[in-house]
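Asks: Sequence and computational prediction follow.
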2 protein chains.
Amino acid sequence: MYRVSADPNSEPTPTDPVWWGWGRADRHHALPAATRTLLTGLFGVSGEPTPPVAPGDIRLPPVRSSAAARADLVAAVGADFVRDDARSRIAHCRGRSTPDLLRIRAGDASDAPDLVVRPADHDEVLAVLAVCATRRLAAVPFGGGTSVVGGLVPEPAGFDGVVAIDLARLDRLLAVDPTSATATFEPGVRGPRAEELLAGPGFTLGHVPQSFEQASIGGFAATRSSGQASAGYGRFDAMVVALRVATPAGTWELGRAPASAAGPDLRQLVLGSEGAFGVITAVTVRVHTRPAVTIYEGWRAPDFLTGAAALRTLAQDGPLPTVARISDETETAVGLATATDPVPDVAGGCLVVTGYAGSPSDVEYRQAAVGRSLTAAGLTPLGSAAGDAWARGRFEGPYLRDALLDVGVVAETLETAGFWSTLPALYAGVRDALTAALAGDGSVAPLVLAHVSHVYPTGASLYFTAVFPAGPDPVGTWRAAKNAASAAIVAAGGTITHHHAVGTDHRPWLDAELGPIGLAVLRAVKDAIDPDGLCNPGVLVPARPGARPAR
Amino acid sequence: MYRVSADPNSEPTPTDPVWWGWGRADRHHALPAATRTLLTGLFGVSGEPTPPVAPGDIRLPPVRSSAAARADLVAAVGADFVRDDARSRIAHCRGRSTPDLLRIRAGDASDAPDLVVRPADHDEVLAVLAVCATRRLAAVPFGGGTSVVGGLVPEPAGFDGVVAIDLARLDRLLAVDPTSATATFEPGVRGPRAEELLAGPGFTLGHVPQSFEQASIGGFAATRSSGQASAGYGRFDAMVVALRVATPAGTWELGRAPASAAGPDLRQLVLGSEGAFGVITAVTVRVHTRPAVTIYEGWRAPDFLTGAAALRTLAQDGPLPTVARISDETETAVGLATATDPVPDVAGGCLVVTGYAGSPSDVEYRQAAVGRSLTAAGLTPLGSAAGDAWARGRFEGPYLRDALLDVGVVAETLETAGFWSTLPALYAGVRDALTAALAGDGSVAPLVLAHVSHVYPTGASLYFTAVFPAGPDPVGTWRAAKNAASAAIVAAGGTITHHHAVGTDHRPWLDAELGPIGLAVLRAVKDAIDPDGLCNPGVLVPARPGARPAR
């Protein structure tokens, strides 16, 4: 198998990322038998594998950037860390949305960057940006490469090439302040490595999105990531107390205190900025004492909205578990039908998973209080096996997606959030829009699954998974369904994305989300920091080709 | 006594605000005997009252704005709600910092606005801003009028007058969403009225700053206010889920979900914007079920830093009380020496106050857990009397300040925040700077008191009160001390303000706080929304006289 090493000079290993799918080569597997049986029944899929094209058949455009630009970048970061070989460019082509995977599996690497640079530190990132300004290159920060919203696909018009700034070498824990319970990371540190680095001094970050194993600290900050333990540890944006950003205008340091009234909180402008204002080169986050106890439980809710309302009560009145999620009836049923673990008796209802991490007394108090509250709301306990099964499989979804693509079945996700009072209509609207759009001529009913996995006192997220047969144009089929779902989100008053970010995919919906003044503000901030528009052009903020002055 | 009614057409009543000091006329009192004894001993003050000048001796500049501008404003809001009489102008002159009071007591109303308008709703605010643009008027949003940082004193250069936009008539609770636990207020609603309006549907906001009785919802949002119960209810900026702003560019609506990844959180740009981007006309906040139980307790810490570290443990490991504060040794001793309530036995240590508001089981759990934690940290319980005494006097400080000014003693406050590891040096640095700067020729030692009243997992606030004899130039004396304290804050890495905002007073320190890129971003946002620079010019963002195009 052709694999893409993090270091293009090294030989590929089984733990290297693959170019055609999610994560590590050695974690891929064939579709589980139960899933194959279910899908054959639903869609009549053949079950015959349809693998990606051979590596030699990947179509890669010629490098557009000049030799002079390359030489300047070599001067900035060293010859070993400027690459334009096919393997490096393909490894940095797009992110990991299902359309991204469909395109790359079909051999389309037309969005690959021209050059991949791997700076060593903040100063080298500044130097790279300076070269990009001089040589009219677009700059794309690249952390874990897990964007599912086109965040790694800038609009190159008006530039003489695109440079991916791979942050893998900015992989240090720069500081731990045990008194303040903070840690400062470089952006290239991925989820598991962050936890390893914190384990020594006895801390945990507690940020565990599904992308945990691949995604990076810088990406968490740049996209406002939210982890599966957000009920206990909060969203990533709420963990950040300070930031350093390399911008075309120089170094920007933010965060002198946990909270301040010294004007607007500009940290909240950098969080979610998706590389459009520069490259985040250090992130200081709150850390927690490592929990002595971690447990998971399952509960059965009679129906989705009853279960969601039970989680609402927890979020509003407290205490909350560390993990709080509920699958709707369809997601619960599919999970049961395809489970390899022992199946809990959910019997037509909805699976709720609660998790607790903390000191023994804290976990004991919360588990008992939550149990009383859920019981009073009409839920019934399923014990720890159902919770443990969820926890074991929590990072496997993206690998399953690759196995589905292998047999011609497409799975893709989208997510939103809204206030509690809007949630029932938001749920029904998006679910129905996806179902109708993917039904095609009516011969096949798509699977549309949903769960709530992030709860707040005033509202919650909704996360949808659609599964459907690829058909002749799976990218176009999904695009139509995504458009229908996005329109339903806007109509129901939800946000176009709760934790996946804007990228290029959600940009058409940002007008409805932010309004003309909000968009003008983003544009003004970008113009102030990045007057040449070279930072991830077209991501988050619309690109303005031609407006950039020649140099 | 000459008083300033909220409605200039009405006769003054005892509950109306006074022009020369804090709050309501009927709440003012002479200096308590114990305080007078203490200060006579310390400073040798005469104790003879030095009252404000007679109302007729207040020096008010002529109205600069044109008759045409006045007519346009009358067309926008109605003749009854456009005022240029002396009483209205004086009532809207500056805020309530001690220098503000010293100036107005001396008859200096040179910063009074030319016109006071009282729009009825959002659309009328938009109409007022349109007139300001056409007639070259600077617009100052006026809520409770309690700014202590010069937030109501724009720089009028380049404008043909200043209009105070008094938001008192925007006093409605626009919506309550009991499912989402949110409430939408107009900005002119003051603290007590907000609680009254929420009591009907069974909710509380829980935002109780010392200015609670006078300050307004719009001001809380515009200045990032923080209340005394912030440990339980959070800062005001953390309560806000949606905002509507009337800007020169039109209406700006923000907040479609509790949390979002649709780019930067632009709500956090409006929070803390201090009128520089427009006028906040609606604020949607999280509300809580009214607590069944509210209790306060006192604790004795052996010293300030030991007590602060005990609060740090609560903030990092939980659970937190609803109120958590500690006075340093001096503030504790002064409180004991001047107390009218029974005196707890703190004996050379520091008074800690904890409060709990919630359901019986929640309060029982937290009170017990906090008690164990504080005891383990070396603190000793003082019982409920010490806590209740604090709660009874919690809004009296500003009235005491007026009584002190009456006898020629100046009291003023400043505040900061930092990470826990920086807090000891920040505390010592600011305390020593204030003490040295106010010592003058060394003949009188000022009183410098401090407390921690807002704690976070990663840091805390520090709030200082300085008390010193007025001398011949109290404004100049305080300015020098404030400058020395601000330099100490910057040197120790703290924020220039934790919850008082920037106004004009802190603007010289914003460069150190935000850096050139942060300042450029604020400027760019203002220019995008308010190209004429008419929104509170010089507040938060430096004014640019002359840069504004003539119309």
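Replies: That came through, no problem.

Asks: and the residue lying closest to A:L271 once chain neighbours are set aside, how many neighbours?
Replies: Sequence neighbours aside, A:D237 is the residue nearest to A:L271 in space, at 4.4 Å (criterion: CB to CB, 6 or more residues apart in numbering or on different chains). C-beta coordinates here come from the backbone N, C-alpha and C atoms, glycine included. Neighbour count of A:D237, defined by other CB atoms under 10 Å in any protein chain shown: 24.

Asks: Cross-check the contact I'm expecting between A:D237 and B:D265.
Replies: Yes - using CB atoms under 8 Å, A:D237 is in contact with B:D265, at 7.2 Å.

Asks: Now the common contact residues for these two.
Replies: A:R224, A:Q268, A:L271, A:G272 (CB atoms under 8 Å, 6 or more residues apart in numbering or on different chains).

Asks: Just the residues you listed: which are in helices?
Replies: A:Q268 (DSSP state H).

Asks: Identify the bridge partners of A:I295.
Replies: A:Y356 (DSSP bridges).

Asks: What about the closest residue in space to A:A357 that isn't next to it in sequence, how many residues nearby?
Replies: Spatially, and ignoring its direct neighbours in sequence, A:A357 is nearest to A:P291 (3.8 Å; CB to CB, 6+ apart). Residues near A:P291, counting by other CB under 10 Å, number 18.

Asks: Do you know the pLDDT at A:A550?
Replies: We have a pLDDT of 42 for A:A550.

Asks: Apologies, that question was intended for A:D341.
Replies: Reading off the model, A:D341 has pLDDT 70.

Asks: roughly how far apart are it and A:A347?
Replies: Distance, A:D341 to A:A347, using CB to CB, to the nearest Å: 17 Å.

Asks: who touches A:T340 in this structure?
Replies: With CB under 8 Å, 6+ apart, A:T340 has these contacts: A:P32, A:A34.

Asks: any idea whether it is helix, strand or coil?
Replies: Counting by DSSP: H, G, I helix; E, B strand; the rest coil, the backbone at A:T340 sits in coil.

Asks: quick one: it from A:L400, how far?
Replies: Counting by CB to CB - A:T340 and A:L400 are separated by 11 Å.

Asks: Quick check: the gap between A:A257 and B:V148.
Replies: Taken as CB to CB, the span from A:A257 to B:V148 is 19 Å.

Asks: which parts of the longest helix along chain A are buried?
Replies: Identified as the longest helix of chain A according to DSSP H is helix A:510-529. Across helix A:510-529, burial judged by 16 or more other CB atoms under 10 Å in any protein chain shown covers A:510, A:513-515, A:517-522, A:524-529.

Asks: ok, and of those residues, which contact chain B?
Replies: A:510, A:513-515, A:517-518, A:520-522, A:524-525, A:527-529 (CB under 8 Å from any CB of the partner chain).

Asks: Look at the residue of the stretch 1-150 of chain A found nearest chain B and tell me its secondary structure.
Replies: Residue of the stretch 1-150 of chain A nearest chain B, by CB to the nearest CB: A:V149 (8.9 Å). Following three-state DSSP, we place A:V149 in the coil state.

Asks: Count the residues that sit near A:A106.
Replies: That count, for A:A106 with other CB under 10 Å as the rule, works out to 16.

Asks: Name the residues that touch the host helix or strand of A:R87?
Replies: A:R87 belongs to helix A:86-91 when elements are defined using DSSP states H and E. By CB under 8 Å, 6+ apart, the surrounding residues in contact with helix A:86-91 are A:4-5, A:8, A:17, A:19, A:55, A:58, A:60, A:83, A:104, A:109, A:112-114, A:116, A:145.

Asks: before we move on, the earlier item: could you double-check that the residue nearest to A:A357 sits in contact with A:T204?
Replies: Yes - the criterion here is CB under 8 Å, and A:P291 meets it with A:T204 at 6.9 Å.

Asks: intersection of neighbour lists for the two?
Replies: Looking at what touches both A:P291 and A:T204 (by CB under 8 Å, 6+ apart), there is no common residue.

Asks: Backbone dihedrals for the nearest residue to A:T380 once chain neighbours are set aside, both of them.
Replies: Leaving aside its sequence neighbours, A:T380 sits nearest to A:R300 (CB to CB, 6+ apart; 4.9 Å). Taking degrees, to the nearest 10, you get phi -110, psi 120 for the backbone angles of A:R300.

Asks: In contact with the residue nearest to A:A386 when sequence neighbours are not counted, which residues?
Replies: Counting by CB to CB, 6+ apart, A:A386 lies nearest to A:G298, which is 2.5 Å off, once chain neighbours are set aside. Applying CB under 8 Å, 6+ apart, we find A:G298 in contact with A:344, A:351-353, A:381-387, A:389-390.

Asks: JSON lines for the residues you listed, including neighbour count and secondary structure?
Replies: JSON lines is the format used below for the contacts of A:G298 (neighbours: other CB atoms under 10 Å in any protein chain shown; DSSP: H, G, I helix; E, B strand; the rest coil):
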{"residue": "A:P344", "neighbour count": "20", "secondary structure": "coil"}
{"residue": "A:L351", "neighbour count": "27", "secondary structure": "strand"}
{"residue": "A:V352", "neighbour count": "31", "secondary structure": "strand"}
{"residue": "A:V353", "neighbour count": "25", "secondary structure": "strand"}
{"residue": "A:P381", "neighbour count": "15", "secondary structure": "strand"}
{"residue": "A:L382", "neighbour count": "19", "secondary structure": "strand"}
{"residue": "A:G383", "neighbour count": "11", "secondary structure": "strand"}
{"residue": "A:S384", "neighbour count": "13", "secondary structure": "helix"}
{"residue": "A:A385", "neighbour count": "15", "secondary structure": "helix"}
{"residue": "A:A386", "neighbour count": "25", "secondary structure": "helix"}
{"residue": "A:G387", "neighbour count": "24", "secondary structure": "helix"}
{"residue": "A:A389", "neighbour count": "21", "secondary structure": "helix"}
{"residue": "A:W390", "neighbour count": "22", "secondary structure": "helix"}
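
Asks: Tell me the one of the residues you listed nearest B:G494?
Replies: A:V353 (41.9 Å; CB to CB).

Asks: how close does that closest one sit to chain B?
Replies: 20 Å (CB to the nearest CB, to the nearest Å).

Asks: So which of the contacts of helix A:86-91 sit within strands?
Replies: A:R83, A:V116 (DSSP state E).

Asks: Neighbour count: A:A257 and B:V148, which is higher?
Replies: Neighbour count, other CB under 10 Å: between A:A257 and B:V148, A:A257 has more, with 28 against 24.
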